[in-house]
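Visitor: Provided below for reference: sequence and predicted model.
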Amino acid sequence: MFWKKLFGGKKESEQVKEKVELEQEVKEDPEEEPGEEPRDEPKGRLQKAPKEELPEDPKEKERGFFKRLVSGLEKTKQGFVDKVEGIMTGRKVDEELFEELEEALIQADCGVETSVYLVDQLRERSRAEKITESEKLKEVLVEEIVAILQKNAAPLQTPQETPYVIMVVGVNGAGKTTTIGKLAYRFKQEGARVLLAAGDTFRAGAIEQLEVWANRVGVDLIKHKEGSDPAAVAYDAVNAAKARKTDVLILDTAGRLQTKVNLMAELGKVHRVVQRELGRDLDEILLVVDATTGQNAISQAKTFGEAVPITGIALTKLDGTAKGGIVLAIANELDLAVKLVGVGEQYEDLQDFDPNTFANALFGRQEKTLDKA
Ligand SMILES: Nc1nc2c(ncn2[C@@H]2O[C@H](COP(=O)(O)OP(=O)(O)O)[C@@H](O)[C@H]2O)c(=O)[nH]1
Ligand SMILES: [Mg+2]
C-alpha cells in the first residue's frame, strides 16, 4: 500500500492520539488572524470517511477495481475494440487490412502519428514473423499497444517525506476537483492525514465544490475568499500542512484558458511559492485531462507544461468516451506518464494506470491476468 512506509510502524491508537493532539493544536493556532476565513472545520478531522465499499480481501479488491475499469471502458470497447476485432477476424493479412486498421485507430483518437506508427510496426512484424492470419496479428497489435503504453509509464511518486504534495492543474471542467476528492478519499482510506487547498479562487463555486468533497471524505481544507490570491492560499496550505503534520497536501488550481497568459503566470507563481515554503520540489504536479476532449489533450499538456513542470497525467472521463485511444496518443506523443485514470464519478473510480491491466480490460483478457495474480 502506498502509505505503508509511513504508517507501517504506527499503531492505530497512536494515530488516534496524534489526531487528538492535532485538534488542540488547531484550536490554539496563534497564526490565525481574526478577519481571516476559518482555515478548516476542526471537527472535520475526526469525521469518518464514507464506508469502504470495496472488499477487504486484496484479491477481491483487485477484482473489484478491474471490474470497474472494464465497465468504465465499455464505450471504448464498443466504439473501438469491437471495430478492431471486426477488422482482424478471419482475414488475410494484406494492405487493405492495414489501411482499415489505421483508419479505425485514427477514429478512436489514437492520433495520426501514433496510428501510422502502430500500423507500420505491424507491417514490419508481419513481414519479419511471417504472420498471415489476422488473429495472430491482433495479438501483435495488443503487444504493440502495451509497448506504447509502457513507454513513459510510471506510478505516483513514492512518498519520501511529509507533507507529500500534489499540485493539480488543468483546464476548467477537466475534472481537477473531482480527482482531488477521489485522491483524498483514497489517501484517507490508506490511513493518511490529508489536507486540501482551495486554489481555484477564480471560478464561482469552486471553493464550495472542493469543500463539499472535503466534508464528504472527512479531510481538512484551507480556503480563502473567492477572488483572493491563489499563491496566498498555497502559502497558507503548505505552512498549515507542516504545522499540523499533514501527510498529504493536495492543491487545487484555477483552469480558465481564455486568459491563458495570466493563468500560466499564476500557476507558475503558485508553484514557486509551494516550492519555496516546502524547501524542495513538489512530489507530483498532475495535469488533469478530459479524455472526451480528444486531441486537445496533447495541446493542453504542451501549454501547461510551459508553466509548471508536469510530472504526470490524470486522464478523466474515460467512461464517457468511445475514443479511449487518446491514452495511446498521450503515451506516445508526450514525454509524460499517464498515472491515473478516471472511469466514473464515484470515489473508487480513480485508478492507478497500469499498461497491462488497461490492455487486458480493453481486449477482454481478464481471466488470464487475474488468475496469474
Ligand atoms: N463520468 C465521469 N465524470 C467525471 C470524471 N471526472 C470528473 N467528472 C465530472 O466532470 C465534471 C467537471 O469536474 P470538475 O472536477 O468540477 O472539473 P474542474 O473544473 O477541472 O475542477 C463534473 O461533473 C465531474 O463529476 C470521470 O472520471 N468520469
Ligand atoms: Mg474545479
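Guide: Yep, it's here. Ligands and ions are numbered 1, 2, ... in the order given.

Visitor: what does the stretch 201-350 of the chain put close to ligand 2?
Guide: residue 206 (Cβ under 5 Å from the ion). In this view, the C-beta of every residue, glycine as well, is placed from N, C-alpha and C.

Visitor: So is stretch 177-191 next to ligand 1?
Guide: Yes: interface with ligand 1: stretch 177-191 contributes 177, 178 (Cβ under 6 Å from any ligand atom).

Visitor: Okay, and the residue of the stretch 101-250 of the chain found nearest ligand 2 sits in which element?
Guide: Across the stretch 101-250 of the chain, no residue is closer to ligand 2 than residue 177, which sits at 3.4 Å (Cβ to the ion). Residue 177 belongs to helix 176-189 when assigned by DSSP states H and E.

Visitor: Report the mean per-residue pLDDT for whatever helix or strand comes next after that helix.
Guide: Next helix or strand after helix 176-189 toward the C-terminus (DSSP H and E): strand 194-197. For strand 194-197, mean pLDDT is 98.

Visitor: Now do strand 194-197: everything it contacts.
Guide: Applying Cβ atoms under 8 Å, 6 or more residues apart in numbering, the external contacts of strand 194-197 come out as 40, 163, 180, 184, 187-188, 210, 213-214, 217, 219-223, 233-234, 236-237, 240-241, 244, 246-252.

Visitor: my guess is residue 163 contacts residue 248, does it?
Guide: Yes: the criterion here is Cβ atoms under 8 Å, and residue 163 meets it with residue 248 at 6.5 Å.

Visitor: ok, which stretches of the stretch 101-250 of the chain are helices?
Guide: With DSSP state H, counting those that start in this stretch applied, the stretch 101-250 of the chain shows helices at 112-128, 134-150, 176-189, 206-217, 230-243, listed in chain order.

Visitor: and the second one, which residues are buried?
Guide: Residues of helix 134-150 classed as buried: 134, 137, 138, 140, 141, 142, 144, 145, 146, 148, 149 (neighbour count, 16 or more other Cβ atoms under 10 Å).

Visitor: any idea how far that helix is from the chain center?
Guide: 25 Å (Cα atoms, centre = their mean, to the nearest Å).

Visitor: And it, what does it pack against?
Guide: helix 82-87, helix 95-107, helix 112-128, helix 326-333, helix 355-363 (3 or more Cβ pairs under 8 Å, 6 or more residues apart in numbering; DSSP states H and E).

Visitor: What are the contacting residues of the third one?
Guide: With Cβ under 8 Å, 6+ apart as the test, helix 112-128 has contacts from 93, 98, 101-102, 105-106, 110, 131-132, 137, 140-141, 144-145, 148, 325, 328-329, 332-333.

Visitor: Could I have the buried ones of the residues you listed as PyMOL selection syntax?
Guide: This is how PyMOL selects the buried members of those, with burial counted by 16+ other Cβ under 10 Å:
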select buried, resi 93+98+101+102+105+106+110+131+137+140+141+144+145+148+325+328+329+332+333
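
Visitor: ok, how many other residues are close to the closest residue to ligand 1 within the stretch 251-373 of the chain?
Guide: As assessed by Cβ to the nearest ligand atom, ligand 1 sits closest to residue 342 within the stretch 251-373 of the chain, at 2.6 Å. Number of residues near residue 342 (other Cβ atoms under 10 Å) recorded here: 25.

Visitor: Beta-bridge partners for the closest residue to it other than its chain neighbours, please?
Guide: With Cβ to Cβ, 6 or more residues apart in numbering as the criterion, residue 342 has its nearest non-adjacent residue at 3.5 Å, and that residue is residue 316. Applying DSSP bridges to residue 316 yields these beta-bridge partners: residue 290.

Visitor: you'd agree residue 316 is up against residue 289?
Guide: Yes: between residue 316 and residue 289 there is a contact under Cβ under 8 Å: 7.0 Å.

Visitor: quick one on the thing from earlier: same list, the helices and strands packed on helix 134-150, but as CSV with mean pLDDT please.
Guide: Converted to CSV, these look like this (pLDDT from 0 to 100):
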stretch, mean pLDDT
helix 82-87, 93
helix 95-107, 96
helix 112-128, 97
helix 326-333, 93
helix 355-363, 91
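
Visitor: okay, those helices in JSON lines with distance to residue 273 next?
Guide: Output for the helices and strands packed on helix 134-150, formatted as JSON lines (distance: least, Cβ to Cβ, whole Å):
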{"stretch": "helix 82-87", "distance to residue 273": "47"}
{"stretch": "helix 95-107", "distance to residue 273": "42"}
{"stretch": "helix 112-128", "distance to residue 273": "37"}
{"stretch": "helix 326-333", "distance to residue 273": "29"}
{"stretch": "helix 355-363", "distance to residue 273": "35"}
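
Visitor: What residues does the stretch 151-300 of the chain have near ligand 1?
Guide: 170, 172, 173, 174, 175, 176, 177, 178, 255, 288.

Visitor: out of the residues you listed, which is most surrounded?
Guide: Neighbour counts for these, by other Cβ under 10 Å, peak at residue 176, which reaches 29 neighbours.

Visitor: Next one, pLDDT for that residue please.
Guide: 97.

Visitor: so it makes contact with residue 251?
Guide: No: contact criterion Cβ under 8 Å: residue 176 and residue 251 do not qualify, at 9.9 Å.

Visitor: what sits in contact with each of these two?
Guide: residue 168.

Visitor: hey, which of the helices and strands packed on helix 134-150 is tucked in deepest?
Guide: helix 326-333 (a mean of 25; mean count of other Cβ atoms under 10 Å).
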